[in-house]
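1. here's a sequence, model it:
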Amino acid sequence: MLEMVTQQDRKVFQEEFAGRLPGKIFDSHVHIILKGSYSPSWGTENISYLEKTGWEFTVEQFFSLCKEFLPGVEMFLAGFGGPSMKVNRSHAGSFGVDNSHVFGLRLLSAYDSVEEVASDVEKYHLCGVKPYACMALKRDSGETELLDFFTKEQLEYLNKNKLIATVHIPRKMRLEDPLNRRQMAYLCETYPDITFIFAHIGRSYYKRCAVNYVDEFVKYPNAYWDTAMINHEGVLKYTFDHFPAERILYGTDSPIAFLHGKSVEINNQYVYISPEKFNLGTSLHDGTGKVVYVPFLYEQLRSVLSLDLPKKVLEGFFFENAHSLYTKTAERMFGK
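-> Numbers count the residues shown, from 1 in each chain. Reported below is the predicted structural model:
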């Protein structure tokens, strides 16, 4: 594996984070990429940054990198595969869940039978599912809707077993899209025993996307946000000010979070600026060498710590909220 942590990173950690982070952190949004789960061309075509980790990202690599970037912190994770219809979705869940430090979700396509999903949940002791637009009905269309992510039978199974669904909402306007919000509310109301974790605070990488909209989901006790790749202080502050803190989960979107760069708001849009030549979606490459970057991981931590949240809220956010949710789900399904 290529060296990822720099001397500058180590200096920043000691100056800004040492002694300020809880002793335990639960990362609720980690992509575990097993080579045997994907076609050989998948990574090189779509996820070029995996070159940094040898065209895979394993649980062992996650913990190893955390020791480098977050020394002294005991790490926990909830993992799932990467979005692709070229993936063996069953095999992608075989990354070694122990429901102690490593929890897992099954990649979900609307084309999967309930029997397939249930079998993998039982086989690998998974706590729920992770659907994506590219695996939904109408998946290759800009018109993909959130309700296309699931079949009714899948939702009934998840609801009956009180499982978790971490959801990356579709459509260009993200949380600003009224259809998205109506369908999010419908899912929360109709399937009250599914915990819906809406990833990236509903993909709110810029402030206008979150303001006035996160409030709409306060009334649904099964609606949660994760903060993966959000380093916008305004978005985070608005969310913590207007939503129950116990339903906000820390997440990184690893392995992307270990790359160097920062997400920046520009005219009600966002862009990843990075010195690394990898496709990160909406991204700009800065090859000038004039700016020194830290990992996205550190930019996220800076933004959260800048809020001066009470110690109890901070500890819940970084660990207890997700750990309690996943542990209770695993114990209910599989026993202690």
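2. going forward, measure contacts between C-alpha atoms and count neighbours the same way
-> OK.
3. need the strands for the stretch 1-150 of the chain, in chain order.
-> Here the stretch 1-150 of the chain has its strands, by DSSP state E, counting those that start in this stretch, at 24-31, 74-80, 102-104, 106-108, 128-131.
4. in stretch 180-187, what's buried?
-> By neighbour count on 16 or more other CA atoms under 10 Å, the buried set for stretch 180-187 is 180-181, 184-185, 187.
5. hey, C-alpha coordinates of that stretch in PDB?
-> The C-alpha coordinates for stretch 180-187 follow below in PDB (Å, rounded to 0.1, in the frame of the first residue of the first chain):
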ATOM      1  CA  ASN A 180     -36.900  13.300  -2.300                       C
ATOM      2  CA  ARG A 181     -38.200  14.800   0.900                       C
ATOM      3  CA  ARG A 182     -41.800  13.500   0.300                       C
ATOM      4  CA  GLN A 183     -40.400  10.000  -0.300                       C
ATOM      5  CA  MET A 184     -38.100  10.100   2.600                       C
ATOM      6  CA  ALA A 185     -41.000  11.000   4.800                       C
ATOM      7  CA  TYR A 186     -43.200   8.300   3.300                       C
ATOM      8  CA  LEU A 187     -40.500   5.700   4.000                       C
END
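6. residues making contact with that stretch?
-> 145-147, 169-171, 174-175, 217, 220 (CA atoms under 8 Å, 6 or more residues apart in numbering).
7. go again with 10 Å.
-> 145-147, 155, 167, 169-171, 173-175, 178-179, 188-189, 191-192, 194-196, 198, 202, 213-214, 216-217, 219-220, 222-223 (CA atoms under 10 Å, 6 or more residues apart in numbering).
8. just the ones of the residues you listed in helices?
-> When the contacts of stretch 180-187 are checked against helices using DSSP state H, the ones located there are 155, 178-179, 188-189, 202.
9. which of these count as buried?
-> 155, 188-189, 202.
10. pLDDT below threshold where in the protein?
-> 1-2, 41-47, 139-141 (pLDDT under 70).
11. swap in 50 and give it another go.
-> For the chain, applying pLDDT under 50 flags the ranges 1.
12. spit out the contact partners of residue 296.
-> Residue 296 touches 229-231, 252-254, 256-263, 272-274, 302, counting by CA under 10 Å, 6+ apart.
13. again, but for residue 116
-> Here residue 116 is in contact with 89-90, 108 (CA under 10 Å, 6+ apart).
14. returning to that earlier point: and the contacts of stretch 180-187, which are buried?
-> Buried, going by 16+ other CA under 10 Å: 145-147, 155, 167, 169-171, 174-175, 188-189, 191-192, 194-196, 198, 202, 213-214, 217, 222-223, out of the contacts of stretch 180-187.
15. measure the residue nearest to residue 306 when sequence neighbours are not counted to residue 314 for me?
-> Computed as CA to CA, 6 or more residues apart in numbering, the closest residue to residue 306 that is not its neighbour in sequence is residue 233, at 7.6 Å. Separation of residue 233 from residue 314 (CA to CA, to the nearest Å): 15 Å.
16. ok, now residue 136?
-> 35 Å.
17. and the two? which has more neighbours close in?
-> residue 136 (24 against 20; other CA atoms under 10 Å).
18. which residues does the closest residue in space to that one that isn't next to it in sequence contact?
-> Distances taken as CA to CA, 6+ apart place residue 149 nearest to residue 136, at 4.5 Å, with adjacent residues excluded. Contact analysis of residue 149 by CA under 10 Å, 6+ apart lists 108-111, 130-139, 155, 167-170.
19. and with 7 Å instead?
-> Listed by CA atoms under 7 Å, 6 or more residues apart in numbering, the contact partners of residue 149 are 109-110, 131-133, 136-137.
20. wait, residue 164 sits on residue 198?
-> No. Residue 164 lies out of contact with residue 198 (CA atoms under 7 Å); the separation is 10.7 Å.
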